[in-house]
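Engineer: Any chance you could fold what I've pasted below:
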Amino acid sequence: MDHFLGDILPRNISQHSIMQIIKGKIKKALRVVAYGSEGIGKSTFGSKFPSPIFIDTEGGSDHLDVHRTPKPLSWTALLDQVRELMRSDYRTIVIDTVDWAEKLCVTHVCGEANKTSIEDFGYGKGYTILEEEFGKLLNLLNEVREKGIHVVLLAHSLIRKFELPEEEGAFDRWEMKMSKKVSPLVKEWADMLLFANYETYVIEDERTKSKKAKGGHRVMYTSHKSTHDAKNRQDLPEKLEFSFDAISHLFSGDLSKTSHAEEAGEETREETSEEPPAEKRDEVRRPTGNEVGALKPDDGFNLEKEWGPSLKQLAERDNVSSLQIRQVVASRGYYGVDAPIDSYDDSFVTGKLIAHWDAVVGMIRTQEFESIES
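Structural biologist: Next up, the predicted model:
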């Protein structure tokens, strides 16, 4: 029996295995989710992280002196911005807020399926599709983390009635203001889930015996309680002042992130915040006469009048004209080439053009108007 056991017990791995054994703690960029009531200072909290860049989905960082991307007006634009920032030298990406990012995802999912609401899918199917699509963002952010860039997701909170099966009655519970399937996904993804709230205490008037709630001090909770979700993997105290200073020690040190320009052996250029002259700022390069869909003098190229802001943002980014888009659409028989884009059905713009924007651009670049994904 002893001989038999000896045969199945592990031998010296270093001599007989090619598997690499990794010992000790591994210092990596952190995935932080912070949620709380409106006005508690979530954006300010996010601005204190190391070298942050904001993807401001709702315009909540306007009062802060921070670096930010143009507000993403579509799910496609949001994912593209994350991919671009993955190659940057910023040390933290802040999405403010992730619940507004989910709204972009909902619009995208509904547009692709030609639905007006996530409920129109029936039997909860829409929320399952939403969960899968939102997972693409979290997977991208995992790649960002592997590059040594911290990720901070800020979210609003709301109060829901919660009832335990073994208890009578319900009680109030703070949760992230997100859908029933995406919220658990985000909480599971995070290394650190912080709930920010105003600390409230009750005082009793000795004379009248009446009780009053007082408070106003901003705190953040780092551990799960019946009244809220929170967690951390860094042995933090259960309650801290809602300030980056309280957790700043977790973000010290070099994560050995090398910029992509350095990895490729490219020469890095110092960025400047100096704005170009107004005439250069507003300039949009027009396609030359040799390109597909070259603009005619009377084409106008007036993005503001011809289409909505979401499509405009993508078109300006990729230097695509209205005529080029109309040619692609006409080649598939959806609308005539002379039909202005603002006459297109909203579901067509969202579900065909925006949802499959990369395919549209690819057709324009290769001069092949074969298909837009169904």
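Engineer: contacting residues around the nearest residue to Ser88 once chain neighbours are set aside?
Structural biologist: Excluding the flanking residues, the one nearest Ser88 by CB to CB, 6 or more residues apart in numbering is Ile53, at 6.8 Å. (C-beta placed from N, C-alpha, C; glycine too.) Residues near Ile53 by CB atoms under 8 Å, 6 or more residues apart in numbering: Val66, His67, Arg68, Thr69, Leu85, Ser88, Tyr90, Thr92, Ile93, Val94.
Engineer: Ile53: what secondary structure?
Structural biologist: Here Ile53 is recorded as strand under DSSP: H, G, I helix; E, B strand; the rest coil.
Engineer: who does it bridge with?
Structural biologist: His67, Ile93 (DSSP bridges).
Engineer: Show the pLDDT at it.
Structural biologist: On pLDDT, Ile53 comes in at 96.
Engineer: And the one 10 residues further on, by the same measure?
Structural biologist: On the pLDDT scale, His63 is placed at 90.
Engineer: Helix, strand, or coil at it?
Structural biologist: coil.
Engineer: Please tell me how far it sits from Ser43.
Structural biologist: 8 Å (CB to CB, to the nearest Å).
Engineer: the more surrounded of these two?
Structural biologist: Ser43 (21 against 9; other CB atoms under 10 Å).
Engineer: contacts for stretch 108-118?
Structural biologist: Contact with stretch 108-118 is made by 74-76, 106, 120-121, 126-127, 129-130, 133, 179, 347, 349-351, 354-355, as judged by CB under 8 Å, 6+ apart.
Engineer: no, scratch that, I was asking about stretch 65-74
Structural biologist: Outside stretch 65-74, the residues that touch it by CB under 8 Å, 6+ apart are 47, 52-57, 59, 61, 78, 81, 85, 90, 104, 107-108, 309-311, 313-314, 354.
Engineer: List the buried residues in it.
Structural biologist: For stretch 65-74, burial by neighbour count (16 or more other CB atoms under 10 Å) applies to Val66, His67, Arg68, Thr69, Lys71, Pro72, Leu73, Ser74.
Engineer: just the helices in the protein please.
Structural biologist: With DSSP state H, the ranges of helices along the chain come out as 2-8, 13-16, 42-47, 75-85, 98-112, 125-146, 182-189, 260-263, 278-281, 303-306, 309-318, 322-331, 346-348, 357-366.
Engineer: In JSON lines, list the ones you listed along with mean pLDDT and distance to Asp229.
Structural biologist: Converted to JSON lines, the helices of the chain look like this (pLDDT from 0 to 100; distance: least, CB to CB, whole Å):
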{"stretch": "helix 2-8", "mean pLDDT": "45", "distance to Asp229": "43"}
{"stretch": "helix 13-16", "mean pLDDT": "52", "distance to Asp229": "39"}
{"stretch": "helix 42-47", "mean pLDDT": "96", "distance to Asp229": "16"}
{"stretch": "helix 75-85", "mean pLDDT": "94", "distance to Asp229": "24"}
{"stretch": "helix 98-112", "mean pLDDT": "94", "distance to Asp229": "14"}
{"stretch": "helix 125-146", "mean pLDDT": "94", "distance to Asp229": "17"}
{"stretch": "helix 182-189", "mean pLDDT": "95", "distance to Asp229": "6"}
{"stretch": "helix 260-263", "mean pLDDT": "42", "distance to Asp229": "36"}
{"stretch": "helix 278-281", "mean pLDDT": "38", "distance to Asp229": "44"}
{"stretch": "helix 303-306", "mean pLDDT": "47", "distance to Asp229": "42"}
{"stretch": "helix 309-318", "mean pLDDT": "84", "distance to Asp229": "32"}
{"stretch": "helix 322-331", "mean pLDDT": "85", "distance to Asp229": "44"}
{"stretch": "helix 346-348", "mean pLDDT": "78", "distance to Asp229": "36"}
{"stretch": "helix 357-366", "mean pLDDT": "85", "distance to Asp229": "35"}
